[in-house]
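*Asks:* Here is my input, please return the structure:
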Amino acid sequence: MPRKYPIEKIRNIGIIAHIDAGKTTVSERVLFYTGVSHKIGEVHTGDTVMDWMEQERERGITITSAATTAFWIPTERNHDKNFEHQINLIDTPGHIDFTVEVKRSLRVLDGAVVVFDGVAGVEPQSETNWRYADEYNVPRVCFINKLDRMGASFKKSFQSIIDRLTPNAMPIQLPVGLESDLKGVVCLLENKAFGFEGEHGENIVEIEIPADMKAEVEKARHDLIEKIAENDDEMMSAYLDGKEPTLEDLRRVLRKAVIANKIIPVLCGSALKNKGVQFMLDAVVDYLPAPTDLPPVKGHDMKTEEIIERHPKDEEPFAGLAFKIATDPFVGSLAFFRNYSGIIKRGSYILNSTKNVQERIGRIVRMHANVREEVEEIYSGEIAAIVGLKSTTTGDTLCDPEHPIILEKITFPEPVIGIRIEPKTKADQEKMGTALHRLAEEDPTFRVAGDPDTGETIISGMGELHLEVLVDRMKREFGVEANVGRPQVAYKETIMGEGEAEGKYIKQSGGRGQYGDVWLRVKPLERGKGFVFLNEIKGGAIPQEFINPTEKGVRESLDRGILAGYPVIDVEVTLYDGSFHEVDSSEAAFKIAGSMAFQEAAKRAKPVILEPIMKIQVLIPTDFLGEITGSLNSKRGRIEEITDRPGLKVIDAKVPLSEMFSYTTELRSLTQGRGSFTMEFDHYEPAPANVTQLIIEGKKR
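*Replies:* Numbering: from 1, shown residues only. Next comes the predicted model:
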């Protein structure tokens, strides 16, 4: 079956934002205007298409990324089928506990629409998502939403984008009216104003630019044209000679600048009041890249490690990346993947090059939220899901077995919070293992481990809500009832100084004995560098076959820290001397010697406990500022900034996670229920001596 849409007419985009900025409402309008759904779903009534999980509808938040495919012809060209584009859309969560969904979606998307609340402007999660988009160099457009709300201000929201995210943002629209008087938008490129009529704002009509806005529109248009012209020498010289560029030329050069991340267009409207979403779709088609506008994807050869490129062409060998594994109650495991090159057909065999295993493609489906559409083949540049892959997990490369390639993996943040969990009955015990295994396969930030001291199962994740939702899913999807303990902080350990030690393991018994002897040097690394093992053995002091077992012994020691048994991170270990016995030395003996030497060297290298520090933003009425700053100071918090919003104070602070449990209740009681806060992981830092003592005693108890 030939391609329905040429690759130049495909857009793979994500909708990203802070929680409650209106992403899902925007996505629902997109589905309605593109004809995918014939009724607009609303978050507040719990009938949205994109938030289809029961947990999402109950809480009114997005928990898992939902993918769908829609088709769009730009508004002023809607009489011409030649302009129809295929938009593969992913609606991502805004809550920090589910940030992994945003990260893995941005890894495979070509462009993003960043939605902002017109009252709040840039919020903490907007910044985190923006950082992820920068990391993967994703071109984006901004949509300032909710301009119909009390206290909305396009200017303030736009200024917060300039101040906190990027100086390259540029408005290509201005709102006509604000709050309850929001009538429409002015398109600066066309120098026209438009209103939205009909029950769902589906009829776009040209209206007069209000007289009191004419000077503002003229200045904003002049600035925009100048900024666009800077990106094209020919246009710039013509513009300096007094010739105004045509609309076509302005769009062409603006598109080039957006793809190069030199300009980020800012649009505005209100998705709930059906104003401005069609123009946002036009901007997706006009300015965000097709797969062919971006550089080819890079990977490396499995055997030679040589860098290889794959271009977005159907003729090239197949290469794709599995970016999400989901459990579907009807078809089992679904592996969502982005096809970067070549064609993948049903019934064919592919290679999972990350794990070096072959997989058979049973069924391929296009997803519309949780509804599946079976297809025979998927072309380059598209996003789809494969049913029933056995060995594939998030971040694995799928490719043509004849032309293997490994694409860059996705890195995920470490969990910061854990809880003890036990099955309620014997029947639940058997099912719990399966359920936890399936959930951990789906979510790379969810970890399951056993506590070696007590034999209990500990599950870790990104926050209390994250773990609450996973326990809820265990109950609903897998029928497992469980008792859950109190949340615990995921502390880590590291060293602040350098140390050396010998590890000698000698065991003589009647027959053959055991002999292993190693000298190790340890030193700290920068935060986030992990573990590095260096071999500096000279003159064969230890034979080559005992080097790996020594490293293995050190690695196992890292899991049980020196002070309180927490995992050790960011250390460099150098093996520089030792001795062996011709007969008695064995791999097991060197493994034990490596473990002993590391424990001893780490004790001499100023070991410390690291605690997770959270970035929090508290919104409170002005009257309660004193109580809240006092409360944060008592929690070892560092207040970094206090800013104003209409009738509110916004406090940005860094606070240790251990002090933040049940803060919601405390904040409500201190502010008569009128305060709210958001929290996300920021970094690890050494805990003060008195706190370290409490942590060690708590662990011993």
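
*Asks:* give me the number of residues near Arg527?
*Replies:* By other CB atoms under 10 Å, the residues close to Arg527 number 13. Quick note: C-beta positions are derived from backbone N, CA and C, even for glycine.

*Asks:* List the residues that contact Pro171.
*Replies:* Phe154, Phe158, Leu188, Ala220, Leu224, Pro265, Val266, Leu267, Cys268 (CB atoms under 8 Å, 6 or more residues apart in numbering).

*Asks:* what does the model give it for pLDDT?
*Replies:* pLDDT for Pro171: 94.

*Asks:* Bridged to it, which residues?
*Replies:* Val266 (DSSP bridges).

*Asks:* residues contacting Leu106?
*Replies:* Gly14, Ile16, Ala112, Asn129, Tyr132, Ala133, Glu135, Tyr136, Val138 are the contacts of Leu106 under CB under 8 Å, 6+ apart.

*Asks:* I misspoke; the intended subject was Val186.
*Replies:* Gln173, Leu174, Pro175, Val176, Lys192, Ala193, Phe194, Ile209, Met213, Val217.

*Asks:* Return a ChimeraX selection command for the buried portion of those.
*Replies:* Those of those that count as buried under 16 or more other CB atoms under 10 Å are selected in ChimeraX with:
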select :173,174,175,176,193,194,209,213,217
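
*Asks:* among the contacts of Val186, which are in strands?
*Replies:* Counting by DSSP state E, the part of those found in strands is Gln173, Leu174, Pro175, Val176, Lys192, Ala193, Phe194.

*Asks:* wait, what's in contact with the fifth one?
*Replies:* For Lys192, the contacting residues are Val186, Glu206, Ile209, taking CB under 8 Å, 6+ apart as the criterion.

*Asks:* longest single strand anywhere in this structure?
*Replies:* Criterion DSSP E: the longest strand present in the chain is strand 607-621.

*Asks:* mind listing what's buried in the helix or strand just after that strand?
*Replies:* The helix or strand immediately downstream of strand 607-621 is helix 625-634, counting by DSSP states H and E. In terms of neighbour count (16+ other CB under 10 Å), helix 625-634 has its buried residues at Ile628, Thr629, Ser631, Leu632.

*Asks:* Quick one: list the elements packing against helix 625-634.
*Replies:* Helix 625-634 makes packing contacts with strand 607-621, strand 638-645, strand 648-656, helix 663-670 when contacts are defined by 3 or more CB pairs under 8 Å, 6 or more residues apart in numbering; DSSP states H and E.

*Asks:* Give the other helices and strands that the longest one contacts.
*Replies:* Spelled out, it's strand 607-621. helix 124-135, strand 492-495, helix 625-634, strand 648-656, strand 676-686, helix 689-700.

*Asks:* right, so the ones you listed: which one is the most enclosed?
*Replies:* strand 492-495 (a mean of 23; mean count of other CB atoms under 10 Å).

*Asks:* The next helix or strand after it pairs with which strands, and in what direction?
*Replies:* Later in the chain than strand 492-495, the nearest helix or strand by DSSP H and E is strand 499-507. Using DSSP bridges, the strands paired with strand 499-507 are strand 514-524 (antiparallel).

*Asks:* Restrict the strand it pairs with to CA atoms and write it as PDB.
*Replies:* Extracted in PDB, the C-alpha atoms of strand 514-524 (Å, rounded to 0.1, in the frame of the first residue of the first chain):
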ATOM      1  CA  GLN A 514      41.400 -19.200  48.800                       C
ATOM      2  CA  TYR A 515      43.700 -16.300  48.200                       C
ATOM      3  CA  GLY A 516      42.900 -12.800  46.900                       C
ATOM      4  CA  ASP A 517      44.800  -9.600  47.600                       C
ATOM      5  CA  VAL A 518      44.100  -6.100  46.100                       C
ATOM      6  CA  TRP A 519      45.000  -2.500  46.800                       C
ATOM      7  CA  LEU A 520      42.400   0.100  45.900                       C
ATOM      8  CA  ARG A 521      42.400   3.900  45.800                       C
ATOM      9  CA  VAL A 522      39.100   5.800  45.900                       C
ATOM     10  CA  LYS A 523      38.200   9.400  45.100                       C
ATOM     11  CA  PRO A 524      35.000  11.400  44.700                       C
END
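
*Asks:* tell me how far it is from the chain's mean position?
*Replies:* Offset of strand 514-524 from its chain centre (CA atoms, centre = their mean, to the nearest Å): 39 Å.

*Asks:* Next, the angle from it to strand 607-621.
*Replies:* 40 degrees (axes from the mean of the first three to the mean of the last three CA atoms, to 10 degrees).

*Asks:* With Arg372 as the reference, name the closest of the helices and strands packed on strand 607-621.
*Replies:* For these, the distance to Arg372 is smallest for helix 124-135, at 27.9 Å, taking CB to CB.

*Asks:* and the closest one, what does it pack onto?
*Replies:* Looks like helix 124-135 contacts strand 10-17, helix 99-108, strand 111-117, strand 607-621, strand 676-686 (3+ CB pairs under 8 Å, 6+ apart).
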